[in-house]
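K.L.:
Below is the sequence, then the predicted model.
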Amino acid sequence: MSKIRVLIADDHTLLRAGLASLLRAQPDLDVVGEAGTLPEVVEKVSRLAPDIVLLDLAMPAGGLDAIAEVRKRGSRSRFLALAAQDEPNLLLTALAAGVSGYLLKTTDLADLGSAIRAVAQGRIFVAATLEGPHLWEALSSRARRRAMEALPPAPPLSPREKQVLKLLALGHTYRAIAVQLNLSEKSVETYRARAGDKLGFRKRAALVRYAIDSGLLDQEMSKPAE
């Protein structure tokens with residue numbers, strides 16, 4: 001299996017070196033280069049064609065500007081943004097600019113690896129502390145369209161499985177979902193488990209992220225009784 005090729009873009013040399021060391025220890029990741037300035041990012045993306053650009057949004061000249069310059073050259077590299085602070089407005093701006101993932105610099109290595117792998121597979125990855133239906137609803141139509149186009153074809157979930165996932169993503173309990181869909185709580189858990197088996201997800205957080213990423217929240221549905 002080929003490794004995921006990663007370019008690290010950050011203006012701090014020590015941080016780049018630390019990230020490179022950590023990522024090279026992962027058997028499926030390959031750090032193909034580092035960049036400390038906007039011109040370096042553009043040049044190295046063009047020359048090295050990484051799968052993922054791990055991009056510090058606070059780089060001089062503006063990290064997001066690198067995305068626009070790279071896109072002008074026809075690159076298909078995907079961007080995973082790193083931010084120093086939990087700022088929802090910056091997250092929205094980054095997604096609108098075309099990043100495929102967004103993490104805080106305080107994230108641990110396991111989450112960073114998961115984010116890189118998810119983005120490499122064409123998925124959208126947002127730090128768990130920032131994601132949720134209100135965030136997704138706040139995205140501009142352009143950003144949402146870009147994000148959804150980046151997703152792989154959805155597995156064949158049944159209409160009922162999709163309903164359950166959507167209501168889970170909206171934060172409703174199994175009991176509330178059961179009332180809304182006129183099902184038993186056991187049936188709701190069964191539909192949730194079946195959807196998880198099809199998608200390859202076991203944790204509720206991953207199923208919620210899938211519901212958000214795949215556009216299930218775009219469909220109108222009345223709020224379930226609590």
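P.N.:
Received, thanks.

K.L.:
So for E226, what's the pLDDT?
P.N.:
For E226, the pLDDT comes out at 38.

K.L.:
same deal with Q85?
P.N.:
Reported pLDDT for Q85: 72.

K.L.:
so how many other residues sit close to the residue lying closest to it once chain neighbours are set aside?
P.N.:
Of all residues not flanking Q85 in the chain, L104 sits nearest, at 7.5 Å (C-beta to C-beta, 6 or more residues apart in numbering). To be clear about C-beta, it is placed using only N, CA and C from the backbone, and glycine gets the same treatment. Residues contacting L104 under the criterion other C-beta atoms under 10 Å number 17.

K.L.:
wait, isn't L104 in contact with A81?
P.N.:
No - here L104 lies out of contact with A81, judged by C-beta atoms under 8 Å, at a distance of 9.9 Å.

K.L.:
Mutual contacts of those two, please.
P.N.:
Between them, L104 and A81 share no contacting residue under C-beta atoms under 8 Å, 6 or more residues apart in numbering.

K.L.:
Return the per-residue confidence for the residue nearest to Q85.
P.N.:
At L104, pLDDT is 85.

K.L.:
where do the strands sit along the chain?
P.N.:
4-9, 29-35, 52-56, 78-83, 101-104, 125-126 (DSSP state E).

K.L.:
Looking at the ones you listed, spot the one closest to K162.
P.N.:
strand 125-126 (20.8 Å; C-beta to C-beta).

K.L.:
which neighbours does that closest one have in its sheet, and in what orientation?
P.N.:
Strand 125-126 sits in its sheet next to strand 101-104 (parallel), going by DSSP bridges.

K.L.:
Show me where the protein has its helices.
P.N.:
Under the criterion DSSP state H, the chain contains helices at 13-24, 38-48, 63-72, 88-97, 109-120, 133-138, 141-149, 159-169, 174-181, 185-199, 204-213.

K.L.:
what's the burial count for A110?
P.N.:
8.

K.L.:
Alright, that wraps it up for me.
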